[in-house]
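Predicted model follows, preceded by the sequence.
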Amino acid sequence: MTDLTPASTQPEEYPNADYRQLDASKLSEMMQRYIEVKQQYPHALLFFRVGDFFECFFQDAVIIARELELIQTTKAAGKEVGRVPMTGVPHEHVYRYSSTLLEKGYAVVICDQVEDAAIAAKEKRQVRREVTRVLTPGTLTDDNMLKGRQNNYLASVVIAGEHWGLAYADISTGEFLTTQSENLEHLTQELMRLQPSEVLFPVNAPDISKMLKPGENDNELPNCLPRCFCYSLRSQKSFSLGEARPRILEQFQLKSLEGIGCEHLPLSVRAAGGLLDYLEDTQKDHSISLQRPRTYTLSDYLILDHQSRRNLEITTTVRDNTLYGSLLWALDKTNTPMGSRALRRWLLQPLLDLKGIRARHDTIEEFINNHELRQDIQQLLRQIYDLERLTGRVGNNTANAKDLVSLADSLSKLPQLATLAEQGKSPYLKALQNIPQSLEKIAQKIINSLEESPPIALKEGGLIRSGVDANLDEMRSLAADDQQWIANLEVQERERTGIPTLKVGFNKTFGYYISISRGKAELAPDDYIRKQTLTNEERYITPELKEREVRILTAQEDLNQTEYDIFVKLRSEVSEYIDTIRNVSKAVAAIDVLCGLAEVAIRQSYCRPEMIEGRELKIVEGRHPVVEKLLPPGFFVPNTAQLGSREDQSENDELTPYSYPDLIILTGPNASGKSCYLRQIGLIQLMAQTGSFIPATSAKLSLCDRIFTRVGAVDDLATGQSTFMVEMNETANILNHASNKSLVLLDEIGRGTATFDGLSIAWSVAEYLATEIQAKTIFATHYHELNELASILDNVANYQVTVKELPDKIVFLHQVQPGGADKSYGIEAGRLAGLPDVVIQRARQVMRQIEQHSKIAIGLRKGIKKQNNKTASMEQLDIFETGE
Ligand SMILES: Nc1ncnc2c1ncn2[C@@H]1O[C@H](COP(=O)(O)OP(=O)(O)OP(=O)(O)O)[C@@H](O)[C@H]1O
């Protein structure tokens, strides 16, 4: 039994809303069946087919009316019971409404009529209704319920102390991965990367298998599981090693888990087993065909915590959470949904191995150098449908004939793609060169078997071409004879009766009939049996016509069934190629991504970064990939960046006379472009490790193990943390995890507290990063005092974003240049914003006083004098010495 709990199923104040309070024996027969099903799925919303509608009753009706903003009415549920709440939706829209409910974190059960209602009516009984689908946010396969350009992940988590196992799958594409690690913080980060639609979590509590909507809290959930996801609480049993291991072995026909890399990762195995159990439980007839799980390790990829991913606006913007304005938006020039999904995955999991990155860069370079090849491939890609999801539906037995035709059309394009790929040298193109011939054959078989444009319905005929099956052809020819007989009947009877307007017609209720206008009715022969009288016509049948009708209708049913059987056989034959198609789809998706990146590189004048060993970062005339696209052409001011090399500069270095520092203190007025510069360096590093070309004229980049960003925090209202606490938490995370291979981008640390506290923290954080960690760091700040660090530590340098001061305004030049800003423009900005003159005058006066007499300033001046040998250790530097 599957229980899936939507969150608020508290009975509300509607009469008869709680079916548990009613005497079931007094309910109508239909309502009894409703409750029977509802009891099997007490926590899901139940849509129950009644004629042309799907109806919901009792508490479900109340919830659905509220969530979908539909009108709630009532329905008679039995003489002694009276009316109960009801909400209905037209049957053809049930999946559309269901997707809205799923987005809100509910599970939906579809209970459909599974026989012809007319037959049940004839036999004077209720039509048979069965559960045909259980829909949960993480188990969707239908195209119209999924986002084409995004994966839909179902995740499964097992936690044991500080260790955890995670499995996740996209049911619609078959992708299935698992990992195990320690440190619960990493689990949180991994879930945030995946953004699963649903997370399975085993619990001991009695109300297992309930579903928590996003934002809902439950004592069963440990703190490391972010509340922004939908959780299905499951029983511990299926997550035990004893059940999980054999389940995986059986499902994938394996003897051991060694081959898939998780034999010695029990938490991975348990999470994967729990996930498979859930699919079995919810998918009913739609057996899910997942790929063998692949085991991965977090440390195989560049680590980006959620905050950094958000700050860098990789897939959505911070301000309004939209794709528009994100890095993905700027880079996505893919031609297939598979490619688009792959690009999103790549950007969220940049690589850490030089070989892999160079292979991607090589491919892009080939595409840039060979326009024709790129354009021909893109042309073909545009004709390829979503192979991954089509294959997924074949595997789940939910593909219809249109799906198979689309699949075949796409597969038949692959040989041309392979021929084109032969022109290239890169490993990505090589992977496309050998398309198994079997795929061509099965595509041809589908094309030969199915009509070119078959209907979506599978049981109403019109699917299979003639010449495919001898039996079907024979049945069709017999049926055609009968049809001809009917067609002749009209001519023949007109002659016999002498009524030129006589017609032979058909309707669903009466079947075939002969129609004569009322005025001529007396001419009807004796063997005509009157069946129906309308205003202007009489309708008759004859025994012979009825006999033919039975034959025709039975033959049509048999024909439809035979076509269906042939289709199902064909679909199951195609399902044998699922793994092969999936492998090819991956290669196609990757080529699509790389063609798209080449396209962007050409249009935006990106360059290939030179990927090197060591720690150096050197970006010449770098640009922000998104801001530059949003500004008019030529408006973006490029800037250079150099970090992380202790070697001496060569004399001819065209960049700056400065050595490559580990840490840059970046100052400049508000809105001068500090944040933009910071982010552009982070994005360029991330793009390079994703395998993309970058917005710069040239670059030398070593690998970063992590990119950290800490950019202008806002209050975290959800957890009740103040701006400053959020900032300190994030800073602590950086200081605890950064290494000298990390890129750390800090924007205005210490702003959210008293100036002295803030400055002190900013100072010590910068000092710690430069001396203890030696991470490649850019530290943007309004505290000019931090510029003094550069005179003390030789791996720190000052840069500023320049402005030009005119009498009545400041002109932003957006140029990053060596040196610290010698003054703050805060007061100036206040003046331009319209603060009263007296306030501005007073502020200037106060500032002068502070600058002359502040202990910090005096301490700094004295401290620096003492430390002019530039080898200061932290203890030696006493910047807070009392001033005279
Ligand atoms: N290199 C550049 N070329 C052209 N325009 C730029 C450049 N850098 C920044 N800008 C423009 O300036 C605006 C302000 O930049 P940004 O937010 O980076 O300033 P900031 O110095 O961080 O300001 P604050 O200190 O107030 O946070 C950006 O929205 C962008 O439009």
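Alright, I've got the coordinates. Numbering: from 1, shown residues only.

the longest helix in the protein is where?
helix 543-575 (DSSP state H).

who does that one touch, helix- and strand-wise?
helix 387-395, helix 401-411, helix 437-449, helix 470-497, strand 511-517 (3 or more CB pairs under 8 Å, 6 or more residues apart in numbering; DSSP states H and E). Bear in mind the C-beta positions are built from the backbone N, C-alpha and C, glycine included.

Touching the following helix or strand past the longest one from outside, list them.
Using DSSP states H and E, the helix or strand that follows helix 470-497 towards the C-terminus is strand 503-507. Strand 503-507 has contacts (CB atoms under 8 Å, 6 or more residues apart in numbering) with 486, 487, 489, 490, 493, 512, 513, 514, 515, 539.

Could I get the phi/psi values of the residue of the stretch 51-200 of the chain found nearest the ligand?
Proximity of the stretch 51-200 of the chain to the ligand (CB to the nearest ligand atom) peaks at residue 192, 24.8 Å away. Backbone torsions for residue 192, taken as degrees, to the nearest 10, come to phi -70, psi -30.

again, but for residue 354
Residue 354 adopts backbone torsions of phi -60, psi -40, taken as degrees, to the nearest 10.

Adding distance to the ligand, write the helices and strands packed on helix 543-575 out as JSON lines.
What follows is these, written out as JSON lines (distance: least, CB to the nearest ligand atom, whole Å):
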{"stretch": "helix 387-395", "distance to the ligand": "38"}
{"stretch": "helix 401-411", "distance to the ligand": "42"}
{"stretch": "helix 437-449", "distance to the ligand": "49"}
{"stretch": "helix 470-497", "distance to the ligand": "66"}
{"stretch": "strand 511-517", "distance to the ligand": "73"}
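
Of those, flag the one that's most buried.
Highest mean neighbour count among these (mean count of other CB atoms under 10 Å): helix 387-395, with a mean of 25.

Just want the angle from that one to helix 543-575.
Between the axis of helix 387-395 and that of helix 543-575 there is an angle of 120 degrees, by axes from the mean of the first three to the mean of the last three CA atoms, to 10 degrees.

Renumber starting at 57 from here on
Yes, from this point I'll number from 57; that puts the last item at helix 443-451.

what's in contact with helix 443-451?
Here helix 443-451 has contacts from 197, 199, 202, 227-231, 343-345, 392-394, 397, 455, 459-460, 462-463, 466-467, 627, 630-631, 634, 637-638, 640-641, 644-645, using CB under 8 Å, 6+ apart.

Drop anything exposed from the residues you listed.
197, 199, 202, 227-231, 344-345, 392-394, 397, 455, 459-460, 462-463, 466-467, 627, 630-631, 634, 637-638, 640-641, 644-645 (16 or more other CB atoms under 10 Å).

Which of those residues fall in strands?
residue 231 (DSSP state E).

Give me the pLDDT for the residue of the chain found nearest the ligand.
Sorted by distance to the ligand under CB to the nearest ligand atom, the residues of the chain start with residue 729, at 2.8 Å. If you check residue 729, the pLDDT there is 90.

Pull out the buried positions in the longest helix of the chain.
Applying 16+ other CB under 10 Å to helix 599-631 flags 601, 604-605, 608, 611-612, 615-616, 618-620, 622-623, 626-627, 630-631 as buried.

so how many other residues sit close to the residue of the chain closest to the ligand?
Residues lying near residue 729 (other CB atoms under 10 Å) number 25.

Ok, residue 867 next?
10.

That one - that's part of a strand, no?
Yes: secondary structure of residue 867 (DSSP: H, G, I helix; E, B strand; the rest coil): part of a strand.

Phi and psi next, for the closest residue in space to it that isn't next to it in sequence.
The shortest distance from residue 867 to any non-neighbouring residue, by CB to CB, 6 or more residues apart in numbering, is to residue 860 (4.2 Å). Backbone torsions of residue 860, given as degrees, to the nearest 10, read phi -110, psi 130.

which ones are touching residue 860?
Applying CB under 8 Å, 6+ apart, the residues near residue 860 are 866, 867, 869.

and with 10 Å instead?
866, 867, 868, 869, 871 (CB atoms under 10 Å, 6 or more residues apart in numbering).

are any of these buried, and which?
Applying 16+ other CB under 10 Å to those flags 866, 868, 871 as buried.

Residue 724 is in contact with the second one, correct?
By that I understand residue 868. Yes: contact status for residue 868 versus residue 724: in contact at 9.0 Å, counting by CB atoms under 10 Å.

who touches both of those two?
In contact with both residue 868 and residue 724: 857, 858, 859, using CB under 10 Å, 6+ apart.

Using CSV, write out every CA atom in stretch 89-102.
Only the C-alpha atoms of stretch 89-102 are listed here, as CSV (Å, rounded to 0.1, in the frame of the first residue of the first chain):
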residue,chain,number,x,y,z
ARG,A,89,-15.6,2.5,-4.2
TYR,A,90,-14.2,6.1,-3.9
ILE,A,91,-13.6,5.5,-0.2
GLU,A,92,-12.1,2.1,-0.8
VAL,A,93,-9.5,3.6,-3.1
LYS,A,94,-9.0,6.6,-0.8
GLN,A,95,-8.2,4.4,2.1
GLN,A,96,-5.4,2.8,0.1
TYR,A,97,-3.9,6.3,-0.5
PRO,A,98,-5.1,8.3,2.5
HIS,A,99,-2.4,11.0,2.0
ALA,A,100,-2.7,11.6,-1.7
LEU,A,101,-5.4,13.6,-3.5
LEU,A,102,-7.7,11.3,-5.4
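
Report the rounded mean pLDDT for it.
pLDDT averaged over stretch 89-102 gives 90.

Point to the helix or strand of this structure where mean pLDDT is at its lowest.
helix 911-922 (a mean of 55; mean pLDDT, DSSP states H and E).

just to revisit the earlier point, quick one: which of the shared contacts of residue 868 and residue 724 is most hemmed in?
Going by other CB under 10 Å, residue 857 tops the shared contacts of residue 868 and residue 724 with 25 neighbours.

wait, is it part of a strand?
Yes: per three-state DSSP, residue 857 lies within a strand segment.

what's the neighbour count on the closest residue to it other than its chain neighbours?
Excluding the flanking residues, the one nearest residue 857 by CB to CB, 6+ apart is residue 724, at 3.2 Å. By other CB under 10 Å, 27 other residues sit near residue 724.

Residue numbers of the stretch 807-940 of the chain in contact with the ligand?
With CB under 6 Å from any ligand atom as the criterion, the stretch 807-940 of the chain meets the ligand at residues residue 870.

low pLDDT regions in the stretch 807-940 of the chain?
In the predicted model, the stretch 807-940 of the chain carries pLDDT under 70 at residues 808-811, 863-864, 878-880, 909-940.

all helices for it, in order.
Taking DSSP state H, counting those that start in this stretch to define them, one finds helices in the stretch 807-940 of the chain at 811-824, 845-848, 882-888, 893-909, 911-922.

What's the mean pLDDT across stretch 234-248?
94.

Ok, stretch 403-418 next?
Computed over stretch 403-418, the average pLDDT equals 96.

cool, stretch 367-380 as well?
92.

What residues of that stretch count as buried?
For stretch 367-380, by 16+ other CB under 10 Å, it's 367, 368, 369, 370, 371, 372, 373.

Let me have these in CSV, adding secondary structure as columns.
Shown next, in CSV, are those (three-state DSSP):
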residue, secondary structure
367, helix
368, coil
369, coil
370, coil
371, coil
372, coil
373, coil
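
For these, give me CSV that also has distance to the ligand.
CSV is the format used below for the buried residues of stretch 367-380 (distance: CB to the nearest ligand atom, whole Å):
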residue, distance to the ligand
367, 12
368, 13
369, 12
370, 18
371, 20
372, 18
373, 12
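
what number of residues lie near residue 822?
The number of residues near residue 822, taken as other CB under 10 Å, comes to 24.

whoops, residue 742 was the one
If you count neighbours by other CB under 10 Å, residue 742 ends up with 24.

Where does the prediction get shaky in the protein?
The chain contains residues with pLDDT under 70 at 57-69, 262, 265, 340-342, 702-715, 768-777, 808-811, 863-864, 878-880, 909-940.
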